[in-house]
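> Structure, please.
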Amino acid sequence: YHRAHALWTRLKGLMVYPLIVILVSLGLSLVISSVFSKFTRTMVESMAPNPPHIMLIGLWLIPTLLAIAAALIIAALSVPSFKARLRWRLPAFREASLSQFAAAMALMLRNGTTLPDALALAEAIESDTPAARALARWRTQLAEGKGRPADWQDPTATLPPLFLWLIRSAGEDPAAGFQKASDIYQARAAYRTELLLYGALPVSILILGQLVLWQVAPLFQVLINLMNMIGSDMS
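Have a look, this model is predicted:
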């Protein structure tokens, strides 16, 4: 839990600047769309009988997409069941979840909890996640007499083959196998988290520049059309 808290604290610290960039880009897009839409609509309607409504719609396309994406992100963070499922699907978060699960299993097994009871508790904790099905399958195999991890069949994609191999490598000591899996997946989670976070900043800046370009390009196209119409009227 200490490592998870430290990782979450660092995650929030590194995400401050990308979050500010994203919010500023959304606000900038809304302002540009609002101002430029009124400006181009007034000019085009005064100079041409059939204004290019496709250009006006294009000005609002990017802000609409950004608003939809923001709504989806808020929903993903607000709905507990959706959030729990994403935790086992997204890179870095998936590795962190595997590490926490393995550490909890190792702790329970080292302190005298039987393997079926430990799996039952872990399944209850992860009841709203895809991992619950794999844990239920493991408990079923234990009930069928397959008490050693080496006898278990390969789990679903939620628990990858490497995870099961690490547990099997400990032989008759599943607690050591779970502890080894916890350490390895904790390192993988830290590496992938840093990779994602340090890549988020340049990507967000590129998206901001692309948004501005998409917003301004229709305006320049309208101005070029107006200048061509003015030139043809004068000739």
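> Which helix or strand in the chain has the lowest average pLDDT?
Sorting the helices and strands of the chain by mean pLDDT, DSSP states H and E puts helix 16-47 at the bottom, at a mean of 65.
> Quick check: the residue lying closest to Leu77 once chain neighbours are set aside vs Ala170, distance?
Sequence neighbours aside, Lys83 is the residue nearest to Leu77 in space, at 6.1 Å (criterion: Cβ to Cβ, 6 or more residues apart in numbering). Quick note: C-beta positions are derived from backbone N, CA and C, even for glycine. In this structure, Lys83 and Ala170 are separated by 32 Å, where distance is defined by Cβ to Cβ, to the nearest Å.
> Which one of those two is surrounded by more residues?
Legend: neighbour count by other Cβ atoms under 10 Å for Lys83 and Ala170, higher for Ala170 (18 against 15).
> Spit out the contact partners of the more buried one.
If you count contacts by Cβ atoms under 8 Å, 6 or more residues apart in numbering, Ala170 has them with 149, 176-178, 180.
> try 6 Å
Residues in contact with Ala170, defined by Cβ atoms under 6 Å, 6 or more residues apart in numbering, are 176-177.
> contacting residues around the helix or strand where Ser99 lies?
Assignment of secondary structure by DSSP states H and E places Ser99 within helix 93-110. Judged by Cβ under 6 Å, 6+ apart, the contacts made with helix 93-110 from elsewhere in the structure are 87-88, 118, 163, 174-175, 178-179, 181-182, 185-186, 188-189.
> could I get it in PDB with only the CA atoms?
In PDB, the C-alpha atoms belonging to helix 93-110 read as follows (Å, rounded to 0.1, in the frame of the first residue of the first chain):
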ATOM      1  CA  PHE A  93      -2.600   0.000 -14.100                       C
ATOM      2  CA  ARG A  94      -3.000  -3.700 -15.000                       C
ATOM      3  CA  GLU A  95       0.600  -4.400 -13.900                       C
ATOM      4  CA  ALA A  96       0.000  -2.500 -10.600                       C
ATOM      5  CA  SER A  97      -3.200  -4.500 -10.000                       C
ATOM      6  CA  LEU A  98      -1.400  -7.700 -10.600                       C
ATOM      7  CA  SER A  99       1.400  -6.700  -8.200                       C
ATOM      8  CA  GLN A 100      -1.100  -5.700  -5.400                       C
ATOM      9  CA  PHE A 101      -3.000  -9.000  -5.800                       C
ATOM     10  CA  ALA A 102       0.200 -11.100  -5.700                       C
ATOM     11  CA  ALA A 103       1.500  -9.200  -2.700                       C
ATOM     12  CA  ALA A 104      -1.800  -9.700  -0.800                       C
ATOM     13  CA  MET A 105      -1.700 -13.400  -1.600                       C
ATOM     14  CA  ALA A 106       1.900 -13.800  -0.500                       C
ATOM     15  CA  LEU A 107       1.100 -12.000   2.800                       C
ATOM     16  CA  MET A 108      -1.900 -14.200   3.500                       C
ATOM     17  CA  LEU A 109      -0.100 -17.400   2.700                       C
ATOM     18  CA  ARG A 110       3.000 -16.600   4.800                       C
END
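> Leu195 - how many residues pack around it?
12.
> Next, work out how far apart the residue nearest to Leu77 and Gly112 are.
When distances are taken as Cβ to Cβ, Lys83 and Gly112 turn out to be 33 Å apart.
> ranges for the helices of this structure?
Using DSSP state H, the helices of the chain run over 2-14, 16-47, 53-78, 80-87, 93-110, 115-125, 131-143, 161-168, 174-234.
> okay, the ones you listed, which one's buried deepest?
Among the helices of the chain, helix 93-110 has the highest mean neighbour count (mean count of other Cβ atoms under 10 Å), at a mean of 21.
> what is the orientation angle of it with helix 131-143?
Relative orientation of helix 93-110 and helix 131-143, computed by axes from the mean of the first three to the mean of the last three Cα atoms, to 10 degrees: 30 degrees.
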